[in-house]
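**Q** Predicted model and sequence follow; I will ask about them next.
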Amino acid sequence: QKEVEQDPGPLSVPEGAIVSLNCTYSNSAFQYFMWYRQYSRKGPELLMYTYSSGNKEDGRFTAQVDKSSKYISLFIRDSQPSDSATYLCALRALGDYKLSFGAGTTVTVRA
Amino acid sequence: GAVVSQHPSWVICKSGTSVKIECRSLDFQATTMFWYRQFPKQSLMLMATSNEGSKATYEQGVEKDKFLINHASLTLSTLTVTSAHPEDSSFYICSAHVPGQGPPQETQYFGPGTRLLVL
């Protein structure tokens, strides 16, 4: 069993729809939770970074963390074609600099 | 956010030659950098952790004599693929750990990646 599970998709939605992405994890040592966006042939770009259970909102993006269920989510509201990318969840344990990545979910927003 | 650059962005080389890839943190000092490789439609695979002034720590299964890492300064780490072969063709990405306390620091910022094609 992988430490971090993420459905690779692909996920295709119409413009304006809500995109829902999630990851589950098994290691309770993970304390920091990140979402990265990666466009094709580019390096990952940090989108959201949380370290506690609950919601964090930034513009059209909302990150949710439920430590009790070991489940994290990313929601994209009013999706745009420019949101078409691969979204990777990344988790980190306290005191460890390494990140554990999910497989990444490829999202296509259709105009 | 913090800016990390990589050079070159892409390289084509002949089998048997060595290729050096540079990773720089542009607006901060990074004592720890990471090197990843990524195959098409796959996630990032950590190759090694690069610490300034000390030897790199390699992940299991990564040949340290083939993938030489040097972190000579707080803003530069290099990855040299020695005696490259076609199976080394991949997308190599570096990241730098931003020191600090809590978000948005204490996380990794990634370079744009280097695409290597070995003929």
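**A** Now that the structure is in, tell me what you want to look at.
**Q** tell me which parts of chain B are close to chain A?
**A** B:1, B:4, B:6, B:32, B:34, B:41-44, B:46, B:49, B:91, B:93, B:95, B:97, B:102-104, B:106-113, B:115 (Cβ under 8 Å from any Cβ of the partner chain). Backbone N, C-alpha and C define where each C-beta goes, glycine included.
**Q** Which positions within stretch A:44-54 qualify as buried?
**A** Neighbour counts using 16 or more other Cβ atoms under 10 Å in any protein chain shown place A:44, A:46, A:47, A:48, A:49, A:50, A:51 of stretch A:44-54 among the buried residues.
**Q** Kindly report the same for stretch A:83-103.
**A** For stretch A:83-103, the neighbour count (16+ other Cβ under 10 Å) marks A:83-92, A:97-103 as buried.
**Q** near chain B, which of those show up?
**A** Checking those against chain B (Cβ under 8 Å from any Cβ), the matches are A:88, A:90, A:92, A:97, A:98, A:99, A:101, A:102, A:103.
**Q** what's the closest of the residues you listed to residue A:4?
**A** Comparing these against residue A:4 with Cβ to Cβ picks out residue A:102 as the nearest, at 4.6 Å.
**Q** Residue A:87 contacts residue A:72, doesn't it?
**A** No: checked against Cβ atoms under 8 Å, the pair residue A:87 and residue A:72 is beyond contact range at 11.5 Å.
**Q** circling back to that earlier point, from the residues of chain B next to chain A, list the buried ones, please.
**A** Buried among those (16+ other Cβ under 10 Å): B:4, B:6, B:32, B:34, B:43-44, B:46, B:49, B:91, B:93, B:95, B:97, B:103, B:106-113, B:115.
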